[in-house]
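Participant: mind looking at a prediction? Sequence and model below.
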There are 2 protein chains.
Amino acid sequence: MPASEFELINKYFQDLTDKDPSVKCGIGDDAAIIQIPQDKEVVLSMDTLLGGTHFPVDTRPVDIGYKALAVNLSDMAAMGAVPKWVLLSISLPENNEAWLKEFASGFLDLARQHSVSLIGGDMSRGALSITINIQGLVSVDSALKRDGAQKDDLIYVTGTLGDAGAGLDIIQGKLSIGNECAEFFLKSLNRPDVSVEAGLRLRGLANSTIDISDGLIADLGHILDASHVGAEIEVRKIPLSEAMQQCVDETTAWNYALTSGDDYKLCFTASAEQHEQVISTFKKINIPVSCIGKIKQEAGLQLKTPEGTCFEPSGKSYQHF
Amino acid sequence: MPASEFELINKYFQDLTDKDPSVKCGIGDDAAIIQIPQDKEVVLSMDTLLGGTHFPVDTRPVDIGYKALAVNLSDMAAMGAVPKWVLLSISLPENNEAWLKEFASGFLDLARQHSVSLIGGDMSRGALSITINIQGLVSVDSALKRDGAQKDDLIYVTGTLGDAGAGLDIIQGKLSIGNECAEFFLKSLNRPDVSVEAGLRLRGLANSTIDISDGLIADLGHILDASHVGAEIEVRKIPLSEAMQQCVDETTAWNYALTSGDDYKLCFTASAEQHEQVISTFKKINIPVSCIGKIKQEAGLQLKTPEGTCFEPSGKSYQHF
């Protein structure tokens, strides 16, 4: 990493460097060096957020910093891993230190909450883009996976769904509602609650887990594909926020909850025998959890309305290409 | 990772996935899982290449694929690490499968040479940009660092310098020369020889090492800064390719070698007592190595001409911002 980048990163991200004894070499050499405890495996992922594609370019830098890390923490949550180290690559159209300072404050805010260390990365001039690579730890063979859903497993989601999608529609002028609800939806979009603690508690409890980044239908679909099963969801059981219940009609709410992305809640399946355990576990950590349906042997995803008919969502989950 | 990305990556990068027993979970879940041998540390870095900033946008995709990985392998070389696993994030302006196929072939070509596994990443639509995160292994406490240069160490570089810079000037219309030399310079720019083997051999031999990505002055400068020392370079000892010696005058050649980036050769320092060992080691692996100067106690970098005067380079090393 060249000196100018090094200086900028040291200036704004200093608090996140050089404090973790597992980091043998952090920012300032050609690469970082980390030590891995013997009984652990390394869980790692990388996500890029492009201005104009993954977030509106006029999003506040403090929110971009927060969200870029949240999206990556959410991948750790979905694996049941403890997030530990991140590398950060920023591309900015100009040498804008004010932007960088704000970005860093949002990033640091969330990084401190989860005690993750920034150990490297780079900075370039170009179209606004943030890439984060995150590394976490999990005990050998205890990671949560997508491919373990079993017939008759109950299907759960954490928190409420669709709020971030409503937030994006507000920004894009497609949804017009009262201020209070709008504020809640925008916060859901820009400052997603990540479920790291929930992921940790699900180890040994869930048969399959994924984070909802592209919409419930799309992401539950990945579990079904990987596990070679199908599912039935009761749409009335899908958890909706008060704002969602107040501000839009039921069909619109279900559409948001089923098809809009960026919620970063967890969707998981667990054996029906574990139901009480699931409920009490989430009560302990004070994270809402809802059972929304059941895994079926037959392929396909059925969305049942209270009337027993099939709900046909009109939205379309986020496609990267 | 959503299905569409997953399918595209599986289609073009299949050969690089699912073959490495250390990969407990590769492409297709929220994150990858790798196993680390007990006696090893993980060395990791991440580099972004932006179209128009780090390479001309009309560079052949096959060369972009090769170079994006080469740049990251070079960081592993500079640490003396064995490259093992990569995550790849691609942003493309359109869903261009022909581009992706060509990119993959260049990437795979180099990845196979170094037996690295592709274990994750993502794809988005946006300005052309490639981010690679690479992980390697090194025995505990044996990584090469920047901060170990000692007074009276000899300074070495591998290969020849400045060729990639001349290649970039040809593309940008700033250098006009004969076809044969031009071809060599363009190959140096687009298909840099990375020195992974050299890095491995330098463990226990070099006191400090860096890869030359931003130009010799800039990168040797990082060693000097980190080690709190200075250096004297004899410019006539800087290794120049035959093409460089034939096609440009001496002053221009020295300028390229000292200030232009993208060479991805190694610069290292070693105790003078190790000189014979350095020479015989590089002879064994058939990589050219040149001693170009000496570390001094006094800060600063002096560039001595054969006449004993100070050479004043006219170029400027690459600045990321």
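Facilitator: Alright, I've got the coordinates.
Participant: quick check: the gap between the nearest residue in space to A:Met244 that is not next to it in sequence and chain B.
Facilitator: Counting by Cβ to Cβ, 6 or more residues apart in numbering or on different chains, A:Met244 lies nearest to A:Ala253, which is 4.8 Å off, once chain neighbours are set aside. (Each C-beta comes from the backbone N, C-alpha and C, glycine too.) In this view, A:Ala253 and chain B are 23 Å apart by Cβ to the nearest Cβ, to the nearest Å.
Participant: do A:Asp263 as well
Facilitator: With distances taken as Cβ to the nearest Cβ, A:Asp263 is found 14 Å from chain B.
Participant: give the burial count for that residue, as a bare number.
Facilitator: 30 (other Cβ atoms under 10 Å in any protein chain shown).
Participant: so it makes contact with A:Ser188?
Facilitator: Yes. Shown here, A:Asp263 and A:Ser188 form a contact pair, counting by Cβ atoms under 8 Å, at 7.4 Å.
Participant: residues shared between the contacts of the two?
Facilitator: A:163-164 (Cβ atoms under 8 Å, 6 or more residues apart in numbering or on different chains).
Participant: check whether the helix ranked longest in chain A comes near chain B.
Facilitator: Longest helix in chain A, counting residues (DSSP state H): helix A:61-79. Yes. Residues of helix A:61-79 are located near chain B by Cβ under 8 Å from any Cβ of the partner chain, namely A:75-76, A:78-79.
Participant: using PDB, write out every CA atom in that helix.
Facilitator: This file holds the C-alpha atoms of helix A:61-79, laid out as PDB (Å, rounded to 0.1, in the frame of the first residue of the first chain):
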ATOM      1  CA  PRO A  61     -21.200   8.900   3.400                       C
ATOM      2  CA  VAL A  62     -21.700   8.000   7.000                       C
ATOM      3  CA  ASP A  63     -24.500   5.600   6.000                       C
ATOM      4  CA  ILE A  64     -22.500   4.100   3.100                       C
ATOM      5  CA  GLY A  65     -19.700   3.400   5.600                       C
ATOM      6  CA  TYR A  66     -22.100   1.800   8.000                       C
ATOM      7  CA  LYS A  67     -23.900  -0.200   5.400                       C
ATOM      8  CA  ALA A  68     -20.900  -1.500   3.500                       C
ATOM      9  CA  LEU A  69     -19.700  -3.100   6.700                       C
ATOM     10  CA  ALA A  70     -23.200  -4.300   7.700                       C
ATOM     11  CA  VAL A  71     -23.600  -6.200   4.400                       C
ATOM     12  CA  ASN A  72     -20.400  -8.100   5.100                       C
ATOM     13  CA  LEU A  73     -21.200  -8.700   8.700                       C
ATOM     14  CA  SER A  74     -24.500 -10.100   7.600                       C
ATOM     15  CA  ASP A  75     -22.600 -12.800   5.600                       C
ATOM     16  CA  MET A  76     -20.700 -13.800   8.800                       C
ATOM     17  CA  ALA A  77     -24.000 -13.900  10.700                       C
ATOM     18  CA  ALA A  78     -25.500 -16.200   8.000                       C
ATOM     19  CA  MET A  79     -22.500 -18.600   8.600                       C
END
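Participant: any idea which helix or strand comes after that helix?
Facilitator: Remark: after helix A:61-79, the chain's next helix or strand is strand A:82-92, criterion DSSP states H and E.
Participant: buried sites along the helix or strand following that following strand?
Facilitator: Sequence order places helix A:97-113 as the next helix or strand after strand A:82-92, per DSSP H and E. If you call a residue buried by 16 or more other Cβ atoms under 10 Å in any protein chain shown, then helix A:97-113 has these buried ones: A:99-100, A:102-104, A:106-108, A:110-111.
Participant: list the contacts of A:Ala77.
Facilitator: A:194-196, A:198-199, A:211, A:266.
Participant: most neighbours among the residues you listed, which one is it?
Facilitator: A:Gly199 (31 neighbours).
Participant: within the helices and strands, which one has that residue?
Facilitator: helix A:196-202.
Participant: only alpha carbons, please: show that helix as PDB.
Facilitator: The C-alpha coordinates for helix A:196-202 follow below in PDB (Å, rounded to 0.1, in the frame of the first residue of the first chain):
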ATOM      1  CA  VAL A 196     -24.500 -11.500  14.100                       C
ATOM      2  CA  GLU A 197     -25.600 -12.500  17.600                       C
ATOM      3  CA  ALA A 198     -28.600 -14.400  16.100                       C
ATOM      4  CA  GLY A 199     -26.200 -16.300  13.800                       C
ATOM      5  CA  LEU A 200     -24.000 -17.300  16.700                       C
ATOM      6  CA  ARG A 201     -27.000 -18.700  18.600                       C
ATOM      7  CA  LEU A 202     -28.200 -20.700  15.600                       C
END
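Participant: pLDDT (mean, whole number) over that helix?
Facilitator: Averaging pLDDT along helix A:196-202 yields 97.
Participant: so how far is it from its chain's centroid?
Facilitator: 13 Å (Cα atoms, centre = their mean, to the nearest Å).
Participant: partner strands of the helix or strand following it, parallel or antiparallel?
Facilitator: Note on helix A:196-202: by DSSP H and E, the next helix or strand toward the C-terminus is strand A:208-211. With DSSP bridges as the test, strand A:208-211 is paired with strand A:266-270 (antiparallel).
Participant: contacting residues around the following helix or strand past the strand it pairs with?
Facilitator: Counting by DSSP H and E, the next helix or strand C-terminal to strand A:266-270 is helix A:275-284. Residues outside helix A:275-284 that contact it (Cβ under 8 Å, 6+ apart): A:154, A:156, A:158, A:198, A:201-202, A:205, A:270, A:288-289, A:291.
Participant: at 6 Å what do you get?
Facilitator: A:201, A:270, A:289 (Cβ atoms under 6 Å, 6 or more residues apart in numbering or on different chains).
Participant: by neighbour count, which of these wins?
Facilitator: A:Ala270 (25 neighbours).
Participant: wait, what's in contact with that residue?
Facilitator: So A:Ala270 contacts A:205-207, A:278 (Cβ under 6 Å, 6+ apart).
Participant: secondary structure element for A:Ile9?
Facilitator: helix A:3-13.
Participant: same for the helix holding A:Gly199, what does it pack against?
Facilitator: Packing partners of helix A:196-202 (3 or more Cβ pairs under 6 Å, 6 or more residues apart in numbering or on different chains; DSSP states H and E): helix A:61-79.
Participant: hang on, the earlier thing: what's the angle from the longest helix of chain A to helix A:97-113?
Facilitator: Relative orientation of helix A:61-79 versus helix A:97-113 (axes from the mean of the first three to the mean of the last three Cα atoms, to 10 degrees): 30 degrees.
Participant: what distance separates helix A:61-79 from the centre of its chain?
Facilitator: Mean C-alpha position of helix A:61-79 versus that of the full chain (Cα atoms, centre = their mean) differs by 6 Å.
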